[in-house]
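Undergrad: following is a predicted model, sequence given first.
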Amino acid sequence: MDILEQAAEKIITEQEKIIGPIALEQAKKVPGLSVDLQKHEVKIEGDQKEILQKLVEQYQHLFGQASVEVCKDAVKDIIKQAPSDKIPSLIL
């Protein structure tokens, strides 16, 4: 799993701690994102930056800015390892 897939997994896991199974349901609605949290596997197929952005937007749409802050906090250590041009603006 690459760094952005790790970030997506961390976002989903942290959202799940707060909103429960809805977090996984919402993640599965994001095109290009395959999620199997039982196996701790997240696959991104396509434009990783765009798909990660859509994942954060999916939570934002339902739960507002608070969920964006949860996403930012979840990946703050991980995104330091990713190229800055690959990180969605919502989580910078």
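TA: Done, it's in.

Undergrad: what are the ranges of the helices in this structure?
TA: Per DSSP state H, the chain carries helices over the ranges 3-19, 22-27, 48-63, 65-75.

Undergrad: how about the ones you listed, which one is nearest Val35?
TA: Evaluated over the helices of the chain, closeness to Val35 peaks at helix 22-27, with 5.0 Å, by Cβ to Cβ. To be clear about C-beta, it is placed using only N, CA and C from the backbone, and glycine gets the same treatment.

Undergrad: packing partners for that closest one?
TA: Here helix 22-27 touches helix 3-19, strand 33-36, helix 48-63, going by 3 or more Cβ pairs under 8 Å, 6 or more residues apart in numbering; DSSP states H and E.

Undergrad: now mean neighbour count too, for these, in JSON lines please.
TA: Output for the helices and strands packed on helix 22-27, formatted as JSON lines (neighbours: other Cβ atoms under 10 Å):
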{"stretch": "helix 3-19", "mean neighbour count": "20"}
{"stretch": "strand 33-36", "mean neighbour count": "17"}
{"stretch": "helix 48-63", "mean neighbour count": "19"}
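
Undergrad: is it possible to get TSV of the ones you listed that adds distance to Ser84 and mean pLDDT?
TA: Converted to TSV, the helices and strands packed on helix 22-27 look like this (distance: least, Cβ to Cβ, whole Å; pLDDT from 0 to 100):
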stretch	distance to Ser84	mean pLDDT
helix 3-19	12	95
strand 33-36	21	94
helix 48-63	10	97
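
Undergrad: make TSV out of the helices of the chain and add distance to Ser34.
TA: As requested, the helices of the chain are exported to TSV (distance: least, Cβ to Cβ, whole Å):
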stretch	distance to Ser34
helix 3-19	10
helix 22-27	9
helix 48-63	10
helix 65-75	19
